[in-house]
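Student: got a predicted model here, sequence first, then my questions.
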Amino acid sequence: MNFTCTKENAVRALALMSGVTGKSVNLPILSNVLIRADEQKVDFIATNLEVALTVTIRAKIEAPGAFTVPARTLVECVGLAPTEKIVFVVHDNELVVTAGKAVTKIKGTGAEDFPVIPTLETGSGFVLEAAALREGLNQVLPAVAKSDIRPELSGVLLELDGEKHLATLAATDSYRLAERKFSLQQGSTHIRVVVPGRTAQEIEHVLSPISDGTEENVRVLVGDNQLALTFQNIQLVSRLVSGEYPDYTQIIPTAFTTTVEISTDALVKELKAAGLFTTSGVNAATLTVEPESGALKIFSASLQTGEYASELPVKITGVQTTTVLNYRYVLEGLARMGAQTVVMKLINSDSPCIFTPAGENKEAFIYIVMPIRQ
């Protein structure tokens, strides 16, 4: 294998590999990146056996071939290259990386030892707006369950409805729920699958270089227990979580006794202050809505650190209501609200509390936090 490419292209490709490669006691080669050059292009490939990522770059190919080297070492080597043009040559089980007068030799392993990269040829095809998919994943990922006790909850629900031209992302860990809806660009069928949480994180990662408002699209192909995503020069193939995602819509209230409009930044600051005086592990903050005074009162107390009490002027519709919430859960939702004003909807102390961004797009993202029962 012998090819020449630009430092910029190599750095960009290798940066996307970081979330997939990692240490594996059973299969050390999973910490390697596979470099595969054919007569027209070069592929950088990484896999953790759940998700496989391929990034294709342009290069001048002198001799095709394939070789694997430790990803971390290669990333550091390419990042420190003193010239824009870099030459990669395989010689005697080493990858020789030449940049100007700097020559680095990285010991590696033959491509035949690298796991087979899955492919998906047939299935249901869809086209989504890249910026909307990235933002939606960013909003729902905090609610993914960290435990694998219920495998379906450790993933993100992806529902694509071609008839309604609607894409839905949802995640819940039983303590909170996040749902984001956005328009589906193309697609005629209806699918409902569960994407592993780690795969969802990688999809957000590979889409992260784009800016808001970008009209570039992502192509998604869903087959038997697999999902393939193509974006620009990137292809990601992942297995799907088996099992049916629970019907979470049953826990979303449709009628409320109290609605509050409040500055997102102001609420974030107050909750952070209240968080200094909560019991670790419980993180309970008491929120009381008082229509008569037009205030949202926030209170927290801890036997170890003391207590905190404050209030914020807010716009209230409805009756006085008190709820106790995990302030950390609320903060994670507010950080992804994408609006200067948030709408908080309540029923009573035993019912879920809903947060949505204020404005025309307020129904696109909903974030629900279950109350802490005293």
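Tutor: It's in. Residues are numbered from 1 along each chain as shown.
Student: any low-confidence regions in the stretch 151-300 of the chain?
Tutor: Low-confidence segments of the stretch 151-300 of the chain, defined by pLDDT under 70: 209-215.
Student: strands of that one, start to end?
Tutor: Assigned by DSSP state E, counting those that start in this stretch, the strands in the stretch 151-300 of the chain fall at 155-161, 166-172, 176-186, 190-196, 217-223, 226-231, 234-239, 258-263, 284-290, 295-302.
Student: nearest to V75, out of those?
Tutor: With CB to CB as the measure, strand 234-239 is the member of these nearest V75 (16.8 Å). Bear in mind the C-beta positions are built from the backbone N, C-alpha and C, glycine included.
Student: relative orientation of the closest one and strand 226-231 in degrees?
Tutor: 170 degrees (axes from the mean of the first three to the mean of the last three CA atoms, to 10 degrees).
Student: okay, the strands of the stretch 151-300 of the chain in TSV with mean neighbour count next?
Tutor: Output for these, formatted as TSV (neighbours: other CB atoms under 10 Å):
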stretch	mean neighbour count
strand 155-161	22
strand 166-172	22
strand 176-186	20
strand 190-196	19
strand 217-223	20
strand 226-231	20
strand 234-239	20
strand 258-263	19
strand 284-290	21
strand 295-302	19
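Student: those: which one's closest to E135?
Tutor: strand 176-186 (7.6 Å).
Student: neighbours of the nearest residue in space to L153 that is not next to it in sequence, just the number please.
Tutor: Nearest non-adjacent residue to L153, counting by CB to CB, 6 or more residues apart in numbering: A145, 3.9 Å away. Applying other CB atoms under 10 Å, we find 18 other residues in the vicinity of A145.
Student: reformat the strands of the stretch 151-300 of the chain as CSV; add distance to F126.
Tutor: Output for these, formatted as CSV (distance: least, CB to CB, whole Å):
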stretch, distance to F126
strand 155-161, 5
strand 166-172, 8
strand 176-186, 6
strand 190-196, 8
strand 217-223, 5
strand 226-231, 10
strand 234-239, 14
strand 258-263, 35
strand 284-290, 40
strand 295-302, 41
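Student: what's the closest of those to I251?
Tutor: Of the strands of the stretch 151-300 of the chain, nearest to I251 by CB to CB is strand 176-186, at 6.9 Å.
Student: I'd like to know which elements that closest one is packed against.
Tutor: Using 3 or more CB pairs under 8 Å, 6 or more residues apart in numbering; DSSP states H and E, the elements in contact with strand 176-186 are strand 124-129, helix 130-140, strand 166-172, helix 327-334, strand 365-369.
Student: what's the next secondary structure element after the fourth one?
Tutor: Spelled out, that is helix 327-334. Downstream of helix 327-334, the first helix or strand assigned by DSSP states H and E is strand 341-346.
Student: I'd like to know which elements that following strand is packed against.
Tutor: strand 258-263, helix 264-275, strand 353-357.
Student: roughly how far is the longest one from the heart of the chain?
Tutor: Remark: helix 264-275 is offset 24 Å from the chain centroid, using CA atoms, centre = their mean, to the nearest Å.
Student: with stretch 15-30 instead?
Tutor: 19 Å.
Student: so for it, mean pLDDT?
Tutor: What stretch 15-30 shows for mean pLDDT is 85.
Student: mind listing what's buried along that stretch?
Tutor: A15, L16, M17, G19, V20, T21, I29, L30 (16 or more other CB atoms under 10 Å).
Student: separation between the first one and A71?
Tutor: Spelled out, that is A15. 11 Å (CB to CB, to the nearest Å).
Student: same thing with the last one?
Tutor: The spacing between L30 and A71, counted by CB to CB, is 9 Å.
Student: any shared contact partners between these two?
Tutor: T21 (CB atoms under 8 Å, 6 or more residues apart in numbering).
Student: need the contact list for the most centrally placed residue in the chain.
Tutor: Taking CA atoms, centre = their mean, the centroid of the chain lies closest to Q201, which sits 3.5 Å from it. By CB under 8 Å, 6+ apart, the contact set of Q201 is G19, L137, L141.
Student: apply 10 Å and report the result again.
Tutor: Q201 sits next to G19, V51, L137, N138, L141, V144, V156, V195 when contact means CB atoms under 10 Å, 6 or more residues apart in numbering.
Student: with adjacent residues omitted, what lies nearest to the most far-flung residue of the chain relative to its centre?
Tutor: Ranking residues of the chain by C-alpha distance from their mean position (CA atoms, centre = their mean) puts E292 at the top, at 41.3 Å. Excluding the flanking residues, the one nearest E292 by CB to CB, 6+ apart is Q320, at 7.6 Å.
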